[in-house]
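Visitor: Fold the following for me, if possible:
(one chain, ligands or ions: 2)
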Amino acid sequence: MRFQGSERYVATPDLMLAVNAALTLKRPLLIKGEPGTGKTMLAEEVAQSLGLPLLQWHVKSTTKAQQGLYEYDAVSRLRDSQLADTDSVAKVRDIRNYIVQGVLWQAFTAEQPVALLIDEIDKADIEFPNDLLRELDRMEFYVYETRELVKAKHRPLVFITSNNEKELPDAFLRRCFFHYIKFPDAETMQAIVDVHFPGLKRELLSRAMKTFFDIRGLPGLKKKPSTSELLDWLKLLVAEDIPLEVLQSADDKVAIPPLVGALLKNEQDVTLFEKLVFMQKHNR
Ligand SMILES: Nc1ncnc2c1ncn2[C@@H]1O[C@H](COP(=O)(O)OP(=O)(O)O)[C@@H](O)[C@H]1O
Ligand SMILES: [Mg+2]
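Guide: Ligands and ions are numbered 1, 2, ... in the order given. Okay, the predicted model is just below:
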């Protein structure tokens, strides 16, 4: 099994190398990068191109590691115990009826090999990755309530993504293969845009790209626009049929681009940009 990129996803050679290294090592692939650089989509595309079903676990600040293994539904059991019919009585007696399987359990017990995405692991608290060390390493865990050991039939291909909001513990890092998706250079970005908008007019594209990279280059931006924002913006430019001249004046000065809300997501950044345009206008 090797990943060669896909029609819908532009993978740089070093990214493909990383995916294949994780496949060879049978270790989780930890992918970091700015939001919108295609981390989640990578897992989807790799799974699809290798023909593996993808199980997804989207982590939130309140997510606990245990939820990925299983949860004991005590509330349902209590409710059922208040019913008097024989079915309920039999059901209540067996605790297994109240063990709810988590994503890891499903991945471990799937009949065929699967891919597993643990998305945005840095959202959870610091204990979360530590609590999953053993499970991801040994690919097994113990269910105390039923005294059963759940062991992976096939080692799932694990993707873990992080937006770098928190550091991950060393013991966790040791068990992963790591790749940082660098922000795409102009050439790679061009390839990504081509995948999404095959027929885009070259002139419009090159001007839009210049504006985009100019904005990204502004020192002091709070939130730099990323790939997905560029794609959104291009979609709007096409949909609204924005004329070329509006995008950039002939003398190559920066102007406030139309629909800037697709690129800049807070008022400080917009103000910063407006100041720059203002200064440029008055400096010539
Ligand atoms: N390498 C790429 N090839 C094709 N599309 C991409 C690529 N990187 C990003 N995208 C686009 O950007 C969007 C956001 O990507 P996503 O995987 O959600 O980013 P992340 O998970 O890193 O925040 C995707 O839906 C896709 O449209
Ligand atoms: Mg994502």
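
Visitor: measure the residue of the stretch 151-284 of the chain found nearest ligand 1 to residue 145 for me?
Guide: Using CB to the nearest ligand atom, the single residue of the stretch 151-284 of the chain nearest to ligand 1 is residue 228, 3.6 Å away. All C-beta spots, glycine's among them, are computed from the backbone N, C-alpha and C. From residue 228 over to residue 145 the distance is 42 Å, taken as CB to CB, to the nearest Å.

Visitor: out of those two, which sits in the more crowded spot?
Guide: For residue 228 versus residue 145, neighbours defined as other CB atoms under 10 Å are more numerous around residue 228 (16 against 11).

Visitor: That one is in what secondary structure piece?
Guide: Assigned by DSSP states H and E, residue 228 belongs to helix 227-239.

Visitor: Now do that helix: everything it contacts.
Guide: For helix 227-239, contacts defined as CB atoms under 8 Å, 6 or more residues apart in numbering pick out 35-38, 183-184, 189, 192-193, 196-197, 200, 204-205, 208-209, 212, 225, 242, 247, 257-259, 262-263, 265.

Visitor: Check which element follows it along the chain.
Guide: Using DSSP H and E, the helix or strand that follows helix 227-239 in sequence is helix 244-247.

Visitor: Could you pull up the mean pLDDT of that next one?
Guide: Helix 244-247 carries an average pLDDT of 78.

Visitor: What are the boundaries of the strands in this structure?
Guide: Remark: strands assigned in the chain by DSSP state E are 29-32, 54-58, 70-72, 99-101, 115-119, 140-143, 148-151, 157-162, 177-180.

Visitor: right, so of those, which gets closest to ligand 1?
Guide: strand 157-162 (5.9 Å).

Visitor: Neighbouring strands - and their directions - for that closest one?
Guide: Strand 157-162 pairs in its sheet with strand 29-32 (parallel), strand 115-119 (parallel), by DSSP bridges.

Visitor: Kindly present those strands as TSV, with separate columns for mean pLDDT.
Guide: What follows is the strands paired with strand 157-162, written out as TSV (pLDDT from 0 to 100):
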stretch	mean pLDDT
strand 29-32	97
strand 115-119	98
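
Visitor: Quick one: mean pLDDT for stretch 69-89?
Guide: Here stretch 69-89 scores 92 as its mean pLDDT.

Visitor: Distance from that stretch to the middle of the chain?
Guide: How far stretch 69-89 lies from its chain's middle: 37 Å, per CA atoms, centre = their mean, to the nearest Å.

Visitor: Enumerate every residue touching whichever residue of the stretch 1-150 of the chain sits closest to ligand 1.
Guide: Going by CB to the nearest ligand atom, ligand 1 is nearest to residue 38 of the stretch 1-150 of the chain, at 2.5 Å. Applying CB under 8 Å, 6+ apart to residue 38 gives the contacts 9, 10, 181, 192, 227.

Visitor: State the phi and psi torsions of the second one.
Guide: Its backbone dihedrals place residue 10 at phi -90, psi 110, with angles given as degrees, to the nearest 10.
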